[in-house]
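Q: Sharing a model that was predicted from the sequence below.
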Amino acid sequence: MSLITSTSPHASVKNNTGAFMRQVIYATLPGLAVLTWQFGWGSVINVLWAVAVAVGCEALFLKARGRHVGFYLKDFSAVLTAVLLGLALPPTAPWWLTLVGVGFAIIVAKQLYGGLGMNPFNPAMVGYVLLLISFPVAMTQWVAPGEAPSFMQSLQLFTGQLPVDGLSGATPLDTFRTWAGNESELASHGILHGDIAGQGWEWVNLAFLLGGLYLISRKIITWHIPAGFLAGIAAPAFIAWQIDPARFADPLFHLLSGGAMLGAFFIATDPVSAATSRMGRLVYALLIGVLIWVIRSFGGYPDAVAFSVLLLNLSAPFIDYYTQPRTYGHDKPNRGTGGA
Amino acid sequence: MTAVLIAVAALLGLAAVFGAILGFASEKFKVEGDPIVEQIDGLLPQTQCGQCGHPGCRPYAEAIAEGEDHNRCPPGGQDTVDALTDLLGRDELTLDDDGAEDADVAKVAYIREDECIGCTKCIQACPVDAIVGAAKLMHTVIVDECTGCDLCVEPCPVDCIDIVPVKPTLQTWGWNRPAGIGQRPDSRIEVVNL
Amino acid sequence: MSDVNYKKISMDGLWNNNPATVQILGLCPLLAVTGSVVNALGLGLATLVVLVGSNVCVSLIRNYVTDAVRLPAFVMIIAAMTTVIEMLMQAFTFELYEILGIFIPLIVTNCTVLGRADAFASKNPVLPAALDGFMMGLGFLVILLILGGMRELVGQGTLFTNMQLLFGPMAANWQLNVIDNYGGFLLAILPPGAFLGLGLIIAGKNVIDKRLKEIQKAKASDEPKVSRRVRTTGKVS
Amino acid sequence: MSQMEAAKTRKPTSIFARLALGIRRPAAVHDFHGGIHPPEMKHLSNGTDIAPGPLPAQLILPLNMHIGAPAKPLVEPGDKVLKGQMIAEPAGAVSAAIHAPTSGTVSAIGPRPIQHPSGMDAICIVIDTDGKDEWIPHGGISDYTEMSPGEVVDTIRHAGIAGMGGAGFPTSIKVNLGDHQRVEELVINAVECEPYITADDRLMRERADEIITGIHILQYLLNPRRTLLGIEDNKPEAIKALKQACKGCDIEIRVVPTKYPSGGEKQLIQLVTGKEVKSGQLPAHVGVVCQNVGTAFAIKRAVINGEPLIQRITTLTGDGVARPGNYDVLIGTPVSDLLRHGGVDPDKLGRLVMGGPMMGFTLHNPGVPLVKTSNCIIAASPEELPEPPPEQPCIRCGSCAEVCPANLLPQQLYWHAKNDDLEKAQHHNLMDCIECGACAYVCPSHIPLVQYYRYAKGAVRQQAADQLKADKARQRFEARQARIDAEKAEKEARRQARLEANRKKKEAAATPSVDTAALKQASLEASKAYKAAVKAAKAADAEGAENAAELKAEADRLKEIADKAKAAVRDAGNAAPAPAPAEDIVSKLKKQVGDASSAYKTAVKAAKEAEANGDDNASELRARADELKATADKFKAELRDAKANAPATAPAAPQADPVAELKKQVGDASSAYKAAVKAAKEAEANGDDNAAELRAKADELKASADQLKAELRDAKANAPAAPAPAAAPADPLTELKKKVGEVSSAYKAAVKAAREAEEAGADNAAELRAQADTLKADADHWKAELRDAKASAPATPKAPPAPTDAPKVAETTAPQSLKAVDPDAAAKRQKRLKGLKTAYNMAHKQYKEAHAAFERAERKEEVSADELNAMQQKVDKLKAKADNARDALDALVEDAKADIRAHTGKDLKTLKLEAARAESALADKKIELDKLVSSSSEDALEALNSELKALESEAQIARKALKQALEEQGLVE
């Protein structure tokens, strides 16, 4: 007879990291569905392709680093990264764009830093930013609303056989940035009238919101980051809109356009690269939101989730430095890290 | 031409002024003494074993302060080397344990008393006075004071001193570090008496 | 310092103590101007000349400058050398001078130059100092060239564009179009590309060093180990 | 709530939580951060009544079932014990007594596997039960208020009660706070928050009355302002029973929501009082005392019924047993017996846990005993508590931080512990972790977080211990260094003084020559040693070491020496500058010879090695060695010459002082002669041509030496004549003794002189002999007088060592030793030992002398072979005699050692070890105490003080025992 000897506790939750990740992936499904509905099959193709690339790169580099490939692949973190990046890319993205982005995300942003749990930056966002900087044209061409391409067209776009130009149009955020203050132009683009945040976009964002609420209800994420994130966008947007509604979009527009909900519930909540404590996460997310609004309103790029998240990833240790909780039995919360 | 001369003169003037300031400062704020030795000595394990090539820890600390490599302390292990690297801001070194025994386990000397002839040679050799005894009477090691430096082994004419690893007691026992990522943290043991 | 190990000085500059990959000095120009081979070459050569010149000058005056004022003196020498180079470039390679812009005067602040002046030239005779300056400069130049080549290749798909800026009209057709119809990879041209490239170069160097060390270790392990133990106290009789 | 209290009370967690609390719960119940809700699994065991446990064949009682010092056994193997008999008493303040749980025989006291996660052994008392379960006479007191609180505390202490909730802190200390400490709240812990465990639940349901009585006793002892009983809302029946039992009493029952770990002491205090205990402090600091319901029950049994703590309610649960439930088990029952009692199925057993699933530990061996703190045994099937999955990378999800009751950042702690970054881990309050396991329970990556923290905590403690040890080693090393330097300096100073004296003497005749350089050197060394000593003393002082004063004294002494040395230098400087000391050719040559021959030896060795290895340069090496040999020989020859020439100058200078000076001359002359002889011999051996010359010189020297010797003899013989007679003894004994000594030494000198004269064939030999005889008569006379005087003086102060003390000490140190030492035998042995020693010394001396004479004779070559043979025989005989004496002495010493072993039950080594250990423990404790004086509370100080005292007496006993054992056997040097 043999007995197990181990340290306490002897019981634990049945959950595991892989299951966590899978839950997050499931929660993106409504968003993916709406994206497909609004913009065609491009997103689905992209996501699948991204997953294949990610798993391949991950396996390759795990092997190169002498790690147990099967064990690490089971945590589904590479898949999640691929899904998030695939969702963030325009549906018109050709295969090589996804390949470069996902490869960079997995190899440089994750594995070179030591794999899961060691990456200081959100890998998906690193890949996204890389693509945005290197291929600004391809990255800002979205399918014009209401003109969702057929499956075959999407496939042709993916393989590069069909030029993007014919189908693409600017996103509402882009349009607003270009024509801010010019009411007639904005009206002609259907932003001020009709749908709340440009055709299709509010549905996409609502779908991601739904998925996010599911995650909170399953206690996969806490409310701190999404709440801070959305408040960070909405508060300055509201103030500015009150001051000059012609120049600044209303908060609802901000919350329901671009990658706001995807960022709030799926990107910024990546725990590895976020701040540590509850308070820290609140501050972290709030600053991301503010930064997004600032870049959207005054910056050169139409959307800013990726930049903001990366910048705050960079500041997360600094936030942690000041936001440690007060341990039971101590008068004051700790400051600092306790070492060089 | 005058412009060049003016420029040269100005530069020379500046050089003279700054040179004077710097020279004055270097005399005025000279650092006396070398408190670093104390800090280095504080990090060394004080086994006084001499494996670094110096007679005792403090002499080695002084040698380190004067530029000797700080990786020659086998009893301190890599941890001490790293701590010294931090303290001194020098290049990282790996432990140079040429000719030294493995130092990971704490050890103490043990005298097999039946064989001890009471020659007091080990007492003279012990750097921390951890051996008690008198001439022609058997000696014994005060375990709490012994640093396990094994300097007493060689002088013993009858080879009755062993260096034995310190066994953990219930008081000193501690949990192991878990095996790490990818490993199960438990183990199995066979049980017969049930 | 009677017998100078010239081989060691050369190896230090080129490999063992390379300013860019080991000392990680002079990053500012290294990262800023390596967008193309010609930029890298231009700045690398300028730095090399400054390094040699400053090392020689510093070595010449090394016995006459007191410790306290040595740094200002060195800086002044380096500044003078740099100004000379700047004027020369302005005279002969004006377009390149325009492109490199501020980075030529910034050679003054390149830590490699001051570092070598202080660490080597101020303690060694003229000849070794000159050699050290040359080899360090060469090491720096080589890394600049590799990085410039990498970035140009990845970013634009070409090599040796615009070499005429440095070598005159005869170099106008040196350009190689390695990849035709290349879309361009902006990141490589932008500063982050320089960081990534340098990181890869350093990593590659470390890998090679590690291999070499292992080989050396395998050779050295046959040698007997010698205890350097001493008695701390007491007498052993 | 008073203002003070409001200030003390710290509201927990966020505004939201507080809002939520305000709405959902009664204001009296607070909340703590985090917590989890694992499946309770209590239904397995709480359905049945408490059943009696098994009566095993053997009970194993570890001496440390509680926190603090292990108890001291009062019984020995073979003793019969009755149920409730105290078999081990508390050792020191923080300790608890142990009682026999049933009647039987003590079969062993020794190491057995115990209830510890390490699976290690500890000393246990093993009782073979007799099945009669026979009580020792006992009885309690129905009205405890008749006793003073102090008496009640004593009762609790003697009943061996230690915290039954799990920690096992001796209860008598917790309820005896002293008058200066006001207890605001007495908190009774009835939470039992861990899954599976239902021992307290059942206890409360069935024995609520007794628990309430126990609480009343606690109230009597502590006199708290209010008493709060915290219980989780998942035990409705227990709540009902308690409410019923304490109708109308002043115990407030606070029902807290079910959440793990509400039962943690600090968590419960926060729940029911809202107070937070500061990190590193005890609940008593905020005026709270917390006791478990089980403890309250045990107190009632001890005080009212007079029953010590010999049994407890233990939950046996898990899918591995057929009859899970709560059992009233005897303490010391092996777990395997209880398992069998509960119908264990070994095939279904996958993990055996003592304690709860959250904080308990797995057992390595079912043979370990149940102890006072064992509240639960989980015999879990592999499905129930499955093997933990492999550790995955931390994704910093923060689940752990959400549930941590101490509001730590477990993921950061994990990170630092994993990287051995102890400093950072401590910065993140590693030491405030209560190891509740909530974090590891929720971790999706299944990281064994608690093990990481325990590992890091152990490493922190180890680091502190290492640092302490290193500091101590440094101190000892420096003290030793200072001592050695001091000794060296002293020696040097003495040597210098001697040289100085010699030189001064010489100055009388020749030009004064003072070796200023050497003096300066000596002075320098002396002052260096002094400085080192001062430094060491300062360091010791700063660190508060106990040997500081000693070191200071040493330093002072050294200072004196240094001053002296300095003065000598000054004097030397004042004296006329001496001519450079004559080049000592001989010593220089000696050194050269030494160098050359060592070089030669090395060369030979190298050559040999080379030969052995078959190197081709072997012959070359050999040649080099030969060359070196030649050099060495040359030097040697030179040295010989020099030596032969040198002594010629030695004897000279007429002497003013008599015997001493003569002696010195004789010594010089004879050593010169010896050197010359040696030189001559060597020369002969080498066949040098100046051998004959050397020999002649040696003979010459011999003659002069002999002459000097004769002179010395005369002088000696004349000398003692003066002091011998005369001088009436003013004071009786001492004066007499002195006289006897003087006379007999004079006699001895005379005899020696006579013998020497006889040997040398001097003509005044007979005269000398006669003189010696007179002296002998004189000496005898004085001796007789001394004897008389001694006999008349009745109370001589120096009697043989008082034998009355000895057995007592032996008893205290070794209670199991059966008989005391026979003082007569010891004295006899001592006498014999002395005798033997003298005999051996004499024999050895004779042998040595004979041997020397023999060698002399051999050298002279004048003595016939027969005579030589005879001498040889004599030498051999004497040697044999000396050897015999030596053997006898050795045998006796061995005997003595064996005796010590027999008498004290320990051998000499153990005694010595014990003494040394006790001393060092004492020293450690003193240091600890000093450290604590500034920082810690009075309680801790008191405890330490008493411990210190105990150690002190222990050290004294050990010291005494060692000394006595040595003395008894006459082994003292």
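A: Cool, got the structure.
Q: In the stretch 1-150 of chain A, which residue sits nearest chain C?
A: residue A:134 (4.2 Å; Cβ to the nearest Cβ). (Glycine included, C-beta is placed from N, CA and C.)
Q: Next, count neighbours for that residue.
A: 25 (other Cβ atoms under 10 Å in any protein chain shown).
Q: Now do the contacts for it.
A: A:100, C:184, C:185, C:186, C:187, C:188 (Cβ atoms under 8 Å, 6 or more residues apart in numbering or on different chains).
Q: Okay, domains of the chain per the record?
A: No chain specified, so I'll use chain A. A:16-169, A:210-320 (automatic domain parsing).
Q: right idea, wrong chain: chain B
A: Split by automatic domain parsing, chain B gives B:36-88, B:105-170.
Q: just those domains: most buried one?
A: domain B:36-88 (a mean of 20; mean count of other Cβ atoms under 10 Å in any protein chain shown).
Q: In this structure residue D:881 contacts residue D:850, no?
A: No - the criterion here is Cβ atoms under 8 Å, and residue D:881 misses it with residue D:850 at 10.4 Å.
Q: Check the separation of the first and last residues in stretch B:26-43.
A: Stretch B:26-43 has its terminal residues 31 Å apart, counting by Cα to Cα, to the nearest Å.
Q: how distant is that stretch from the center of its chain?
A: A distance of 19 Å separates the centroid of the chain from that of stretch B:26-43, by Cα atoms, centre = their mean, to the nearest Å.
Q: and the gap between residue D:497 and residue D:487?
A: From residue D:497 across to residue D:487, the span is 16 Å (Cβ to Cβ, to the nearest Å).
Q: Correct me if wrong, but residue A:336 is in a helix.
A: No - counting by DSSP: H, G, I helix; E, B strand; the rest coil, one finds residue A:336 to be coil, located in no helix.
Q: what pLDDT does the closest residue to it other than its chain neighbours get?
A: Leaving aside its chain neighbours, residue A:336 sits nearest to residue A:321 (5.9 Å; criterion: Cβ to Cβ, 6 or more residues apart in numbering or on different chains). Note for residue A:321: predicted pLDDT of 88.
Q: mind checking how far residue A:321 is from residue D:412?
A: With the distance defined as Cβ to Cβ, residue A:321 ends up 12 Å from residue D:412.
Q: and stretch B:172-179, which residues are buried?
A: B:174, B:175, B:177, B:178 (16 or more other Cβ atoms under 10 Å in any protein chain shown).
Q: How about the residues of the stretch 151-300 of chain D by chain A?
A: Residues of the stretch 151-300 of chain D found near chain A (Cβ under 8 Å from any Cβ of the partner chain) are D:195, D:266, D:270, D:276, D:277, D:278, D:279, D:280, D:281.
Q: what does chain A put close to chain B?
A: Chain A has residues A:1, A:2, A:3, A:4, A:5, A:6, A:7, A:67, A:68, A:71, A:340 near chain B, with proximity defined as Cβ under 8 Å from any Cβ.
Q: can you tell me which residues contact the first one?
A: To tie it back to what came earlier, the one meant is residue A:1. B:190, B:191, B:192, B:194, D:346, D:347, D:349.
Q: likewise the third one?
A: With Cβ under 8 Å, 6+ apart as the criterion, the residues that contact residue A:3 are B:188, B:189, B:191, D:349, D:350, D:351, D:352, D:362, D:363, D:364.
Q: If you rank those by neighbours, which is first?
A: So for the contacts of residue A:3 (other Cβ under 10 Å), the most neighbours sit at residue D:352, 28 neighbours.
Q: Show me what it is bridged to.
A: Beta bridges link residue D:352 to residue D:379, judged by DSSP bridges.
Q: Wait, it touches residue D:366, no?
A: Yes - here residue D:352 reaches residue D:366: they are 6.3 Å apart, a contact under Cβ under 8 Å.
Q: what's the overlap in contacts for these two?
A: residue D:335.
Q: any idea which helix or strand carries the residue positioned nearest the centre of chain C?
A: Centroid-nearest residue in chain C: residue C:140, 1.9 Å away (criterion: Cα atoms, centre = their mean). Take DSSP states H and E as the rule and residue C:140 turns out to sit in helix C:126-156.
Q: picking that back up, least confident pick among the contacts of residue A:134?
A: residue C:184 (78).
Q: Same list, the contacts of residue A:1, but only the ones touching chain A.
A: Answer for the contacts of residue A:1 near chain A (Cβ under 8 Å from any Cβ): B:190, B:191, B:192, B:194, D:346, D:347, D:349.
Q: Quick check: the first one touching residue A:2?
A: In this case it means residue B:190. Yes - under the criterion of Cβ under 8 Å, residue B:190 makes contact with residue A:2 at 5.3 Å.
Q: Which of the two has more residues huddled nearby?
A: residue A:2 (11 against 7).
Q: Looking at residue D:497 and residue D:487, which is more packed in?
A: Neighbours were counted for residue D:497 and for residue D:487 using other Cβ under 10 Å; residue D:497 has more, 15 against 12.
Q: close to chain C, is the helix or strand encompassing the more buried one?
A: Assessed by DSSP H and E, residue D:497 sits inside helix D:449-509. Yes - with Cβ under 8 Å from any Cβ as the criterion, chain C is reached by helix D:449-509 at D:477, D:480, D:481, D:484.
Q: sorry, back to before: now the residue of the stretch 1-150 of chain A closest to chain C: how far from residue D:104?
A: 85 Å.
Q: how about the residues of the stretch 351-500 of chain D near chain B?
A: Within the stretch 351-500 of chain D, the positions adjacent to chain B are D:364-367, D:387-393, D:417-418, D:420, D:447-448, D:451-452, D:454-455, D:457-459, D:461-462, D:465-466, D:469-474, D:476-481 by Cβ under 8 Å from any Cβ.
Q: Now, of the residues you listed, which are buried?
A: For these, buried by 16+ other Cβ under 10 Å: D:364-367, D:388, D:390-393, D:417-418, D:447-448, D:451-452, D:454-455, D:457-459, D:469-470, D:472-474, D:476-481.
Q: need the contact list for the residue lying closest to residue A:21 once chain neighbours are set aside.
A: Leaving aside its chain neighbours, residue A:21 sits nearest to residue A:76 (3.7 Å; criterion: Cβ to Cβ, 6+ apart). Listed by Cβ under 8 Å, 6+ apart, the contact partners of residue A:76 are A:17, A:18, A:21, A:22, A:25.
Q: again, but for residue D:383
A: D:319, D:350.
Q: Please report the distance of it from chain C.
A: Distance from residue D:383 to chain C, counting by Cβ to the nearest Cβ, to the nearest Å: 48 Å.
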